[in-house]
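Enquirer: model this:
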Amino acid sequence: MPYFPCFFCNNMNCRSYGTGAHWLPYPNPPKTKPDPKPWPTDSWKALLLCPECKQFRIHTKEDILWRGRTDEDYAGYLEHIAWFCVRFECAGIGCGTPAKLHVATAGDKSPQGVDRMLRLEGVEGTLPCGHPFVPPQKCTIVLESNQHEIRSYLD
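Expert: Got it, this is the predicted structure:
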């Protein structure tokens, strides 16, 4: 059985808290539980949005778990989910620090749908600069490939 990386939401008010893994894109998953884990690196950090509660936080290597999943199950998951990378600058007064937020959504959602979600669906979180998220006036939204790992906001 292949092993894939995933994370769990840490919001105790989330429907998926402690039960629902959010699977991350990863190419060529190992067939046995990897030790040491092939990804992410020790310095990796990424803002990952929980698709259930719409809260995000900075995740690190320690937050990423490797769990077994059949190829068919994972392929079915990928048919119904899409990962987007949203690049924007912090809207905090005088800040402008660049940020990248990784967002999992329904597979049929477009970049315009992700933009609408960021503005209207109560997305919350703290950016790497320490400021709370404010929907950006201008952002770039790109569909991420399921053939590449999610990149760090440090890249």
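
Enquirer: Mind telling me what element the residue nearest to Lys138 when sequence neighbours are not counted is part of?
Expert: Nearest non-adjacent residue to Lys138, counting by C-beta to C-beta, 6 or more residues apart in numbering: Phe88, 7.0 Å away. Where you see a C-beta, it was placed from the backbone N, CA and C, and this is true even at glycine. Using DSSP states H and E, Phe88 maps to strand 81-89.

Enquirer: Name all residues that make contact with Leu24.
Expert: 4-7, 64, 83, 149-150 (C-beta atoms under 8 Å, 6 or more residues apart in numbering).

Enquirer: Would you write a PyMOL line that selects the buried entries of those residues?
Expert: In PyMOL, this line selects whichever of those come out buried by 16 or more other C-beta atoms under 10 Å:
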select buried, resi 4+5+6+7+64+83+149+150
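
Enquirer: circling back: kindly state the beta-bridge partners for the residue nearest to Lys138.
Expert: Ala99, Cys139 (DSSP bridges).

Enquirer: my guess is it meets Pro136, correct?
Expert: Yes: if you go by C-beta atoms under 8 Å, Phe88 and Pro136 touch, sitting 3.7 Å apart.

Enquirer: Settle it for me: which of the two has more neighbours?
Expert: Phe88 (22 against 18; other C-beta atoms under 10 Å).

Enquirer: At the geometric centre of the protein, which residue do we find?
Expert: In the chain, the centroid-proximal residue (C-alpha atoms, centre = their mean) is Leu48; its distance is 3.3 Å.

Enquirer: and Pro128, what does it touch?
Expert: Counting by C-beta under 8 Å, 6+ apart, Pro128 makes contact with 45, 47, 58, 97, 99, 153.
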